[in-house]
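A.B. asks: Model the structure of this input:
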Amino acid sequence: MAEAPAYRQPRYSMLKWSLLGFTALLASCAGIVPKGRPGPAAPKPTAEAPVKEDFPGDQARHRVALLVPLTGPNAAVGQSIANAATMALIDTGNKSVRMTTYDTAVGAAAAAGRAVADGNRLFLGPLLSEDAAAVAPAARKAGIPVISYSNDATVAGNGLFVMGFSPTQSIDRVVHYAKATGIQRFAALVPVGVYGRNASTAIIRSVENADGSLVAMKTYERNAKSLQKAVADLGRSQAYEGVLIADNARIAIGAVPLIRKISSQQARILGTELWAAEPGALVNPSLSGAWYASVSDTRYRQLAASYRRQFGKAPFRLASLGYDSMLLVVKTARDWKVGERFPADRLRDEDGFVGVDGAFRFGPNGVAQRALEVIETSPAGSKAVSPAPTSFKQ
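C.D. replies: The predicted structure is shown next:
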């Protein structure tokens, strides 16, 4: 595990938010984040090191555990999230939170056990749904809420909150938008696996709720032969006006030429929130005119620019989850007495919160509900064709 530094108020914060101004922004769930000058370089969380129980100021600070992979195949993503969480503490000038980072790649349950023993009162993370399930027993036994970065709604509940970008919400948003433009008959291509199963359920429900018709849905393995067969099978179905490819943009780039050749020349191509992580792929001509729904990137681009200045490289898209989750902690810390349990009821504010990824709130099931925009892709660059609501009061 690694300690976040003792924080000082920087002369210039990343987004030029003062703590007071940001608190007002969160409370109202509205406002624009202005551009700011770069703050001081946030130190990277280091490799695992022993915790010093006599850490200065412990009696006056909230102890928060950040559970992310710092080794293994997802280490770069975990490090990016940890760096962004550190930036949030520095940018707000907060001195009341002590963040300790634990490596879940060496065992999520063991990391949770160490975090409990170290006296942490809140878990941010973990990243993977299986790790979230693994840390939940220790957290519940200790009465510690978990704000997971997973997007798997099935692990939510009983003190575990899911903050990741939900494919269900993304699919529902783009399907309803497509229906409002006149698309009635839908088809879908979904990969095998957990994401595909969740996407399949979301497509069926979304089309039904939008009073549309789902005329065909085909599954495929992530290889060229299987994808071609699925598209061919789709072509033998009833004519459709919109086809949702529930996969990343690279898979969509491979699927669209097949769709145009053997299935449909005119159908509108629809995507999911996964496309937001591949902006370079979205300028591919085959995706021109496609729609997908995701959180707005307007504020994220400012975060990414500051991150590059401080760390010399671009962050992973999920870094915003680390930043926004720490902003939640900072806001809640005003009414959270040191040494007491984290006030988890504060997470269920119906008016929601505003962060780098826009307005969001946790629903009754513990899953983050997000204000999403619909984006149209083109070789000249993507543009929002249906903006995200700025709050949940609209």
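
A.B. asks: drop to CA atoms for contacts and neighbour counts, all remaining ones
C.D. replies: Noted.

A.B. asks: Give me the contact list for stretch 135-151.
C.D. replies: Outside stretch 135-151, the residues that touch it by C-alpha atoms under 8 Å, 6 or more residues apart in numbering are 108-109, 111-113, 116, 121-129, 132, 158-167, 321, 325, 341-342, 344.

A.B. asks: Show me how this protein divides into domains.
C.D. replies: Split into domains by automatic domain parsing, the chain comes to 2-164+298-362, 167-294+374-386.

A.B. asks: buried subset of the contacts of stretch 135-151?
C.D. replies: In terms of neighbour count (16 or more other C-alpha atoms under 10 Å), the buried residues within these are 108-109, 111-112, 116, 121-129, 132, 159-167, 321, 325, 341-342, 344.

A.B. asks: ok, now which ones touch V385?
C.D. replies: V385 makes contact with E373, V374, I375, E376, according to C-alpha under 8 Å, 6+ apart.

A.B. asks: name the element it belongs to?
C.D. replies: strand 383-386 (DSSP states H and E).

A.B. asks: Mind pulling the model confidence for K331?
C.D. replies: Note on K331: pLDDT of 89.

A.B. asks: And Q59, by the same measure?
C.D. replies: 71.

A.B. asks: and the closest residue to it other than its chain neighbours, how many residues sit next to it?
C.D. replies: Ranked by C-alpha to C-alpha, 6 or more residues apart in numbering and with sequence neighbours excluded, the top spatial neighbour of Q59 is V338, at 7.3 Å. For V338, the neighbour count with other C-alpha atoms under 10 Å is 17.

A.B. asks: With pLDDT added, can I get the contacts of V385 in TSV?
C.D. replies: What follows is the contacts of V385, written out as TSV (pLDDT from 0 to 100):
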residue	pLDDT
E373	97
V374	98
I375	98
E376	98
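
A.B. asks: If any of the residues you listed are buried, put those into a ChimeraX selection.
C.D. replies: Burial among these is assessed by 16+ other C-alpha under 10 Å; the matching ChimeraX selection reads:
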select :373,374,375,376
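
A.B. asks: Touching, A319 and V68? I think so.
C.D. replies: No - A319 is beyond contact range of V68, at 11.3 Å (criterion: C-alpha atoms under 8 Å).

A.B. asks: Spell out which residues are contacts of both of those two.
C.D. replies: Common neighbours of A319 and V68 (C-alpha under 8 Å, 6+ apart) are I81, A82.

A.B. asks: Which of the two has more residues huddled nearby?
C.D. replies: Taking neighbours as other C-alpha under 10 Å, A319 and V68 compare with V68 leading, 30 against 25.

A.B. asks: For that one, give me its contacts.
C.D. replies: Listed by C-alpha under 8 Å, 6+ apart, the contact set of V68 reads G78, Q79, I81, A82, T101, Y102, D103, T104, A105, G125, P126, L127.

A.B. asks: Of these, which is the most crowded?
C.D. replies: Top of those by neighbour count (other C-alpha under 10 Å): G125, with 32 neighbours.

A.B. asks: one step back: quick check: phi and psi at the residue nearest to Q59.
C.D. replies: In terms of degrees, to the nearest 10, the main-chain angles of V338 are phi -60, psi 130.

A.B. asks: I'd say it and V64 touch.
C.D. replies: No - V338 is beyond contact range of V64, at 11.2 Å (criterion: C-alpha under 8 Å).

A.B. asks: any idea which of the contacts of V68 is the one closest to A267?
C.D. replies: Distance to A267, by C-alpha to C-alpha, is smallest for L127 among those, at 35.5 Å.

A.B. asks: that's a strand at the closest one, yeah?
C.D. replies: No - secondary structure assignment places L127 outside any strand; it is coil (DSSP: H, G, I helix; E, B strand; the rest coil).

A.B. asks: Let me know the pLDDT of the closest residue to it other than its chain neighbours.
C.D. replies: Spatial nearest neighbour of L127, excluding adjacent residues (C-alpha to C-alpha, 6+ apart): Y149 at 4.7 Å. As summarised for this prediction, Y149 has a pLDDT of 98.

A.B. asks: Which helix in this structure has the most residues?
C.D. replies: Assignment by DSSP state H gives helix 75-92 as the longest helix of the chain.

A.B. asks: which strands and helices sit next to that helix?
C.D. replies: With contacts defined as 3 or more C-alpha pairs under 8 Å, 6 or more residues apart in numbering; DSSP states H and E, the packing partners of helix 75-92 are strand 62-68, helix 319-332.

A.B. asks: out of these, nearest to N365?
C.D. replies: Among those, the nearest to N365 by C-alpha to C-alpha is helix 319-332 (17.9 Å).
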